[in-house]
Each structure stands twice: as C-alpha cells, then as structure tokens.
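Enquirer: Sequence and predicted structure below; questions after.
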Amino acid sequence: MVVKRGARAAKIARVAGSGLMVAALTAGLSVAHAQTATPEERAAEEASNSAWRVDTPPTGDTPITVLEKVGTFGGTTVMVGSLRPAGTKKWVPVAAHWAGGKWVTNAVPVPADASFARLHSVRVTGPREAWAAGNLDGRPWVVRWDGATWSTVDTKALPGGELFGITGTAGNLWAVGGADDGSLVARWDGTTWTRVALPTHPDGTPWDIGWYSGVSALAPNDVWVVGPENTSAHWDGRAWTQVAVPRADDGSSIWLEQVRSSGDQGTWAVGYVVGSPRVAVALRWAGRAWERVTLPGAGYQLDDVAFTAAGPVAVGAEYDPAAPIGESGYAVRLPTRPGQSATRVALPPGVQHLWGATAGEFGIGLRVIGTAQNADPSRTLPFTAWTPRIPLT
C-alpha cells in the first residue's frame with residue numbers, strides 16, 4: 001500500500017519511537033525544570049496528581065504497544081491500538097473495554113497470514129457497541145464490537161489504503177484516511193461503505209496532499225475533515241467547502257491531527273506547527289473562520305480533544321529535558337467563552353505522550369491513553385489513566 005507506508009509512515013514512526021526526534025530537539029532547549037519549585041508549589045502539584053488513577057493493563061514481554069484512541073458512550077468505554085509481539089515484525093490489533101474496574105481485552109479477528117493489522121481510531125456508538133478503523137495489509141479495515149465480540153465489516157468497495165479516523169452514529173458513520181490514489185473519505189449508510197468524492201482545485205489538483213487524519217460529524221449536515229499542510233474541509237449536507245487553515249506567524253504550515261465537534265463546546269481542530277522545534281496548535285471554529293488559541297507551556301503536538309463537564313481538553317506531548325527521552329505528556333483545558341485562557345491540566349507522573357482522550361463514563365472526569373515514560377528506545381509501553389475531576393495547574 002503506497003500512500004500509508006510511504007508518506008504516512010511518519011505517524012507510525014512518531015508513535016512507536018517519537019522520543020528519538022524529541023530528544024534531539026530538546027538537547028538545545030533551555031527550559032526551567034520543576035526542581036526550582038517551592039515546597040508549596042510541589043504540594044499543590046502532588047494534590048493535583050493524586051486525583052489521577054493510573055490503570056494501565058499489563059503487557060508482559062511485548063516490546064511495543066501503541067494505544068491510539070479511546071471513546072465513551074454512557075457507561076461504555078473502548079480503546080484501540082496495536083502491538084508488535086516479541087520476536088516478530090508483525091503488527092496485531094489491540095482492543096479493550098472497561099468493565100469491573102479494569103481493562104478487559106477483546107480479540108479482534110485477523111487472518112492467520114496477515115502481517116500488518118493496526119487499529120487507529122474508535123467510535124463508541126451506543127451501550128456496548130463500538131466501531132474501529134485502521135489498516136489490514138494495505139486495505140481500509142473496519143471492525144464492529146457488539147458488546148461481546150469484534151467482527152469485520154465489508155470494505156471491499158473502498159480502494160487500497162488506510163483509515164485514520166472514524167466517527168458518527170451506527171447508521172451514519174464517516175471515516176477518513178489515505179488511499180493508493182489519494183485521500184480517502186468514506187461513508188457508512190447502515191449497510192455499505194462508499195467512497196465520498198471531494199472536489200478539486202480548478203486545475204484538477206486535490207485540496208489535500210494525500211490523506212486526512214481526523215473527522216467529526218456532529219450532524220449529517222455538519223461534517224469536518226482535517227489533515228496535514230493546512231488542510232480542512234466541511235460538508236453541509238449538500239456540498240463540500242474548502243476551509244482555510246491559518247498559517248503560523250512565520251509562514252510555517254500547520255498539520256492537523258484531529259477534529260472534534262460538540263453541540264455546546266464547539267468544533268476544535270488540533271495538531272502542530274511544522275518546524276524545529278514543533279509548536280502545539282489548537283484551532284476553534286468561530287463560525288466563519290478558524291481561530292488559533294494561545295497555549296501555555298512547551299507543548300509540541302496535540303493529538304486529540306475530549307469534551308468534558310469542565311470544558312474541552314486537548315492532549316498530546318511537550319518538550320521536557322528532564323524526561324528520559326525528552327518529552328512528557330501534555331494536556332490543556334481549552335477556553336469556551338470570550339476572555340478565557342487555555343489552562344494546563346496536571347497529569348500523573350510517568351506519561352510520555354497522550355494520543356487519545358475522552359470524557360469518563362457517564363460524563364464523569366477525563367480518561368486518557370498513550371505511551372508511558374521509558375528510557376529504552378527499543379520499547380514502547382502503554383499508559384492509561386482516569387481522573388474524576390480535571391486537575392488544573
């Protein structure tokens with residue numbers, strides 16, 4: 001599969017070994033370390049961190065486990081990702097749901113001869129129902145969970161490629177990614193997956209550079225897709241509109257990793273400014289244009305947004321010279337009213353990068369997943385945690 005194992009392979013490398021790049025970039029950064037904090041400040045930080053409950057499931061001798069996205073509907077929480085078993089070069093899917101106070105792993109059916117089976121995104125559409133999307137040996141892959149087992153959904157009508165995002169309802173799902181012949185946007189009508197054609201520029205060139213990384217669908221007439229190189233587009237139920245993404249002050253492009261929409265907290269797109277070093281980006285849809293929000297700290301990338309009772313929370317990673325490979329988890333509560341500012345969320349120790357977030361079960365608190373701090377560059381370890389309240393710093 002051409003597009004994803006070439007151009008889009010950057011994401012796989014970033015998830016499985018992001019610390020190498022970060023360590024190199026942070027070598028020359030002069031960032032004050034928390035050792036200078038006063039006793040009162042350290043006590044406040046410890047109190048905030050104590051709100052978190054780290055509940056990462058054991059992985060045994062598995063050297064690489066990548067947890068990418070998590071979703072919740074009512075009392076149902078499901079997370080997905082992939083792992084590389086010890087002694088192999090294969091990728092196999094990971095899927096688990098929260099039950100009885102712990103993660104319960106669910107087997108995802110994969111052909112015995114498959115060598116590349118990864119799940120990148122999940123959408124929980126109801127009590128004990130979820131859909132996940134990814135790549136099975138160079139083909140778009142969608143699986144459905146009925147509360148007990150996962151089953152493969154037919155995607156033969158779609159071209160070769162990979163899916164990075166999925167959203168919507170059980171009878172009206174949207175998925176995005178990249179295909180061998182360009183970007184891929186697909187729609188599920190309850191029975192069939194169909195490729196959705198997007199317009200092109202007057203000269204026939206596409207709006208994007210070959211893939212979309214995130215999709216949101218607040219309603220059938222309110223769908224957003226986002227991607228790299230200042231890419232965003234909106235579907236109003238009748239037509240697609242290309243929507244400009246503001247460049248950085250120095251003209252650098254913005255790569256968007258995710259877009260999420262909420263009826264009361266708005267539509268947000270997150271990612272980073274391309275550069276060395278990178279800079280985290282959060283964009284709020286203001287009705288006519290994207291507006292960039294000022295973020296605190298040294299965040300270098302945002303990968304997801306969760307809509308919580310305390311407001312939208314974006315998660316990703318920041319530069320941290322004190323960490324084993326130069327990065328630590330990063331989270332901010334985004335403003336929803338004029339005059340508000342983005343506020344850092346205090347995270348528990350031990351998190352390297354957060355790739356996914358969702359409101360907790362029944363809307364209580366915040367759940368995050370990602371990778372754990374680890375000094376061994378040959379290993380990628382998972383991290384999961386939940387807090388009943390959003391601890392702000």
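Expert: Okay, I see it. Numbers count the residues shown, from 1 in each chain.

Enquirer: centre of the chain versus the regular element (helix or strand) spanning Q352, how much separation?
Expert: Under the criterion of DSSP states H and E, Q352 resides in strand 351-359. In terms of C-alpha atoms, centre = their mean, to the nearest Å, the centre of strand 351-359 is found 8 Å from the chain centre.

Enquirer: counting contacts, what elements does that strand pack onto?
Expert: helix 9-26, strand 64-73, strand 299-308, strand 311-319, strand 327-333, strand 366-372, strand 382-387 (3 or more C-beta pairs under 8 Å, 6 or more residues apart in numbering; DSSP states H and E). In this view, the C-beta of every residue, glycine as well, is placed from N, C-alpha and C.

Enquirer: Buried residues, that strand. List them.
Expert: Residues of strand 351-359 classed as buried: V351, Q352, H353, L354, W355, G356, A357, T358, A359 (neighbour count, 16 or more other C-beta atoms under 10 Å).

Enquirer: which one among those residues gets closest to A385?
Expert: V351 (7.3 Å; C-beta to C-beta).

Enquirer: Can I get the helices and strands packed on strand 351-359 in CSV including mean neighbour count?
Expert: Below are the helices and strands packed on strand 351-359 laid out as CSV (neighbours: other C-beta atoms under 10 Å):
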stretch, mean neighbour count
helix 9-26, 18
strand 64-73, 24
strand 299-308, 26
strand 311-319, 27
strand 327-333, 26
strand 366-372, 26
strand 382-387, 22
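
Enquirer: closest to T192 out of these?
Expert: strand 64-73 (23.0 Å).

Enquirer: Surely H97 and N106 touch.
Expert: Yes. Applying C-beta atoms under 8 Å, one finds H97 in contact with N106, separated by 6.4 Å.

Enquirer: Could you pull out the residues contacting both of the two?
Expert: Common neighbours of H97 and N106 (criterion: C-beta atoms under 8 Å, 6 or more residues apart in numbering): W145.

Enquirer: ok, so what distance separates A197 from D203?
Expert: Using C-beta to C-beta, to the nearest Å, A197 is found at 17 Å from D203.

Enquirer: try T343
Expert: When T343 is compared with D203 (using C-beta to C-beta), they lie 44 Å apart.

Enquirer: before we move on, the earlier item: show me which pair in the buried residues of strand 351-359 is furthest apart.
Expert: Spatially, the most separated pair among the buried residues of strand 351-359 is Q352 and A359, at 22.8 Å (C-beta to C-beta).

Enquirer: Tell me the one of the buried residues of strand 351-359 nearest A289?
Expert: Of all the buried residues of strand 351-359, A289 sits closest to A357, with 25.5 Å by C-beta to C-beta.

Enquirer: Contact partners for the closest residue to that closest one other than its chain neighbours?
Expert: Distances taken as C-beta to C-beta, 6 or more residues apart in numbering place A306 nearest to A357, at 3.8 Å, with adjacent residues excluded. By C-beta under 8 Å, 6+ apart, the contact list for A306 reads R260, P312, V313, V315, A357, T358, A359, L366, R367, V368.
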